[in-house]
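Peer 1: 3D, please:
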Amino acid sequence: MLTTNLNSEACSLLIASLAPATRRAYRKTWELLLHYFPHTAFPVSSITLANFIGKLYAGNYSPSSIASHVSAISYVHKLLDLADPGQCFLVRKLLKGCQNMAHRCDSRLPITPDILRRILQALNHTVNNFYLRILLKTIFLTAFNAFLRLGEITVRDPHHTHLVLQRSDVTLNSADVPGAQIILRHFKHKKDQNPVVIFVKALPSSPYCPVKHLSQYLNAFQHVSGPLFQFLDGKPVTCSFVSEHLQHAIRFIGLNPRLYKGHSFRIGAATHASNLGYSENAIQNMGRWHSNAVRRYIRLQAFEI
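Peer 2: Now for the predicted structure:
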């Protein structure tokens, strides 16, 4: 292989050419590829790559995520001076098809404030454990009020717990303006090393105050390090756990669980902010969008009766 002929200095430069997060993402791509096709031979054929795209699409990966996985496979082939299967006409058309289908089939609806209240009330019936109810209510309220993705506060991979919101990055403030300060160090589309600071204002008179629930959660669980959201035994909360309980609650209140996913909190936050009169630019800043992609998240028509 080409890299075996490089000296140590050249190898160091090659490693430095990719950000640590990109290297982790590329490794994840190969793990996924071997998971779906354990007998994959190298170089990867265009047919295998096409079928890989099909598996990712069936697994509800977004078009941008699928394109990133294809880029990871292309990178290794280019690095080794091999034909890039990502440039195959078939592969390019499949990626285009993913984009077209996403625009047509994004049926996710926003979790509006009214739906959120009903979900929180439903947890009293769908979750028997008192501590798990505190945990889930806090996650739902935090996700909605801070425009957070579930992947930013719950883990998909137990080996990457440091990439979600940490306990040390959340501070409760009772001074001039009561609220919670959240320092978000890792999030999608981050372009530099600077974290984003989010301040969630307290709503003292509301039974659904996100800060009050966050304080209750921290007092009940008493952990001081690691991910913000952990179970009582110290294990990080997973996306699948939260998604499963969200689906139970959605079904309990009589809505279609296929239309409300974890991302519906973020969609709902953008929609609600727009309904309150916030400008598109303000919503873009609150949600950390770097483009007009925010327009896909403002679903004013969802308020129609």
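
Peer 1: May I have the secondary structure class of the residue nearest the centre of the chain?
Peer 2: Taking Cα atoms, centre = their mean as the criterion, Gly151 is the residue nearest the geometric centre of the chain, at 3.1 Å. With DSSP: H, G, I helix; E, B strand; the rest coil as the basis, Gly151 sits in helix.

Peer 1: so it makes contact with Cys239?
Peer 2: Yes. Counting by Cβ atoms under 8 Å, Gly151 touches Cys239, with 6.2 Å between them. The C-beta positions use only the backbone N, C-alpha and C, and glycine is treated the same way.

Peer 1: for the protein, what spans make up the helices?
Peer 2: 8-16, 20-36, 46-58, 63-79, 89-105, 113-126, 130-145, 150-153, 210-221, 239-252, 264-275, 280-287 (DSSP state H).

Peer 1: With Phe187 as the reference, name the closest of those helices.
Peer 2: In this view, the helices of the chain are compared for proximity to Phe187 by Cβ to Cβ, and helix 150-153 is the closest at 5.4 Å.

Peer 1: any idea how far Gly159 is from Gln181?
Peer 2: One thing to correct before we go on: residue 159 is His, not Gly. 28 Å (Cβ to Cβ, to the nearest Å).

Peer 1: who has more neighbours, those two?
Peer 2: Between His159 and Gln181, counting by other Cβ atoms under 10 Å, Gln181 is the more crowded of the two (13 against 8).

Peer 1: How many residues are close by the closest residue to Ile253 other than its chain neighbours?
Peer 2: Leaving aside its sequence neighbours, Ile253 sits nearest to Arg118 (Cβ to Cβ, 6 or more residues apart in numbering; 4.6 Å). Applying other Cβ under 10 Å, we find 17 residues neighbouring Arg118.

Peer 1: And Arg118, what's its pLDDT?
Peer 2: According to the per-residue confidence, Arg118 scores 96 in pLDDT.

Peer 1: my guess is it meets Tyr260, correct?
Peer 2: No. Arg118 lies out of contact with Tyr260 (Cβ under 8 Å); the separation is 11.2 Å.

Peer 1: remind me which residues of this structure are low pLDDT?
Peer 2: Counting by pLDDT under 70, the ranges of the chain that qualify are 1-4, 103-107, 174-175, 189-193, 291-305.

Peer 1: same thing but at 50, please
Peer 2: Flagging of the chain using pLDDT under 50 yields the residue ranges 1, 300-305.

Peer 1: His125: how many residues sit nearby?
Peer 2: 11.

Peer 1: what's it in contact with, if anything?
Peer 2: By Cβ atoms under 8 Å, 6 or more residues apart in numbering, the contact list for His125 reads Phe252.
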